[in-house]
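In: One predicted model, sequence on top.
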Amino acid sequence: MYHKSFTGKKSRNFRNFHSKRRVFNSRNKRSSKTLNPSLYISKADPVQTESPVSVKNNFSDFQIDLRLKQNIKIRGYSIPTPIQDQAMPYILAGRDVVGIANTGTGKTAAFLIPLLNKMISQRNEKALVVVPTRELAVQINDELKFFSRSLNIFSVLIIGGASMNRQLSELRRNPHFIISTPGRLKDMINRKLIDLSSFHNIVLDEVDRMVDIGFINEIKFIVSRLPADRQSLFFSATVPPEVTNIIRSFLHDPITVSVKKTETVRSIDQDIIRFTNKDDKLNKLEELLRREEYKKVLVFGRTKWGVERLSRHLEENGFSVASIHGNKTQNQRLKALNLFKQNQLQILVATDVVARGMDIDDVSHVVNYDEPESFTDYVHRIGRTGRANKSGKALTFVG
């Protein structure tokens, strides 16, 4: 049984981990217990009750290279999303930008396209893109490859869990883009394997997480290695007030572009599921997952240990399932994510590493098996469903 792998030393580590988690929550007052369950309840609104954000441009209207326009067309884009429409002119003009938009609204293209255009005209330009998770870094790199076809513009992924030798080999090509997570990037800077003095462009994606307590020191270190003369682009679906001053300390005279209307997407039907004990909770989850409409389900847990145990239990009970968490290798994480994206799995059980910025089509349900630690985390989690004007459902277990 899967329980055996968590006995002995690992079991003690598991208890110690939760002990530290409780201390962290009490000190930072971010525990999900402070959230009112009513925040998880909202009926989807099929009627547009707010005026849609108007779009003034087509991609053909932007002053960008014709080859780049052709790649955008091949990608299937003709009309920009509101965040692209409003942010791109400022980025093309060289301004620092804070972009705020609901998840799934095209923030990645909003910064990649103007940066690529800059590099076409100024071949010595380089850009650093820093993100909180490996999966998001891979996704951005894949998107960059679409837009940069036949432009002789190259990128390198600097992320943990991947081959250091391969990353060093790709760095020798003098890439235009470094797309990285903070930890591996800081390590390579300290080892003098990366010099950021020639990178005059920086993007922080999911910026609220990037300047959270777990990353702020790394971000300060990384930014201090960049030239003072730089363009800074910060994007997220949420920018809480407590991080606004930190963000602005990194930028020069920034423009804030916000096309966000509501905190959560109106196309998501949100509700709670009450449970009395652990067995009741697990039984109710299984009952839900056996329903026909639960075709492609993203289940969020709080800890990597809990996610792995839940995934193994579901697999032993006949479900098509995989897991993603910090104890998985990068290849394991990417394999699970790709199988889920390709509809070869019904269920993906994950920690919050999948909650940020991941573009997964047609997720029918998001299930918060463990409550999120903040409402911001909740917003990002449920934003994996109800994307691209489609409906979705989000359920949160509440004890």
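Out: Thanks, I have it.

In: what about this protein, any weak spots by pLDDT?
Out: When residues are selected by pLDDT under 70, those of the chain lie in 1-34, 45-52, 103, 210-214, 242-243, 261-266, 357, 388-389.

In: can you give me the strands for it?
Out: Ranges of strands in the chain, per DSSP state E, are 97-100, 127-130, 155-158, 177-180, 201-205, 231-236, 255-258, 268-274, 297-300, 321-324, 347-350, 365-368, 392-398.

In: between the ones you listed, which gets nearest to Q86?
Out: With respect to Q86, and counting by CB to CB, the nearest of the strands of the chain is strand 255-258 at 4.8 Å. In this view, the C-beta of every residue, glycine as well, is placed from N, C-alpha and C.

In: Let me know how buried S311 is, in neighbour terms.
Out: Burial measure for S311: 24 neighbouring residues, criterion other CB atoms under 10 Å.

In: R166 now?
Out: By other CB under 10 Å, 11 other residues sit near R166.

In: swap in G318?
Out: 10.

In: and if you look at P240?
Out: Tallying neighbours of P240 according to other CB under 10 Å, which is how burial is gauged here, yields 13.

In: Next, format the strands of the chain as a markdown table and append distance to D61.
Out: Shown next, in a markdown table, are the strands of the chain (distance: least, CB to CB, whole Å):
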| stretch | distance to D61 |
| --- | --- |
| strand 97-100 | 19 |
| strand 127-130 | 24 |
| strand 155-158 | 27 |
| strand 177-180 | 25 |
| strand 201-205 | 23 |
| strand 231-236 | 21 |
| strand 255-258 | 17 |
| strand 268-274 | 32 |
| strand 297-300 | 37 |
| strand 321-324 | 40 |
| strand 347-350 | 39 |
| strand 365-368 | 36 |
| strand 392-398 | 32 |
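
In: With distance to L115 and mean neighbour count as added columns, please give those in CSV.
Out: Output for the strands of the chain, formatted as CSV (distance: least, CB to CB, whole Å; neighbours: other CB atoms under 10 Å):
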stretch, distance to L115, mean neighbour count
strand 97-100, 12, 24
strand 127-130, 5, 24
strand 155-158, 11, 22
strand 177-180, 8, 25
strand 201-205, 6, 26
strand 231-236, 8, 24
strand 255-258, 16, 18
strand 268-274, 31, 17
strand 297-300, 30, 26
strand 321-324, 29, 25
strand 347-350, 29, 26
strand 365-368, 31, 24
strand 392-398, 31, 22
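
In: Out of those, which gets nearest to L310?
Out: Evaluated with CB to CB, these place strand 347-350 nearest to L310, the distance being 5.4 Å.

In: Could you list the residues in contact with the closest one?
Out: Identification of contacts with strand 347-350 by CB atoms under 8 Å, 6 or more residues apart in numbering yields 289, 297-301, 307, 310-311, 314, 319-325, 336-337, 340, 354, 369.

In: and if you look at stretch 325-336?
Out: Outside stretch 325-336, the residues that touch it by CB under 8 Å, 6+ apart are 134-135, 138, 159-162, 303-304, 307-308, 322-324, 345, 348, 350-351, 353.

In: Could I get the buried residue list for it?
Out: H325, K328, Q330, R333, L334, A336 (16 or more other CB atoms under 10 Å).

In: So what's the gap between that stretch and the chain middle?
Out: 15 Å (CA atoms, centre = their mean, to the nearest Å).

In: First-to-last residue distance for it?
Out: By CA to CA, to the nearest Å, the extent of stretch 325-336 from end to end equals 11 Å.

In: Can you tell me how far G76 is from L171?
Out: The spacing between G76 and L171, counted by CB to CB, to the nearest Å, is 32 Å.

In: Look at those two and report which has more neighbours.
Out: Ranked by neighbour count (other CB under 10 Å), G76 and L171 place L171 first, with 16 against 7.

In: Pull the contacting residues for that one.
Out: L171 makes contact with V156, L193, I194 under the criterion CB under 8 Å, 6+ apart.

In: quick one on the thing from earlier: out of the contacts of stretch 325-336, which are buried?
Out: The neighbour-count criterion (16+ other CB under 10 Å) marks 134-135, 138, 159-160, 162, 303-304, 307-308, 322-324, 345, 348, 350-351, 353 among the contacts of stretch 325-336 as buried.
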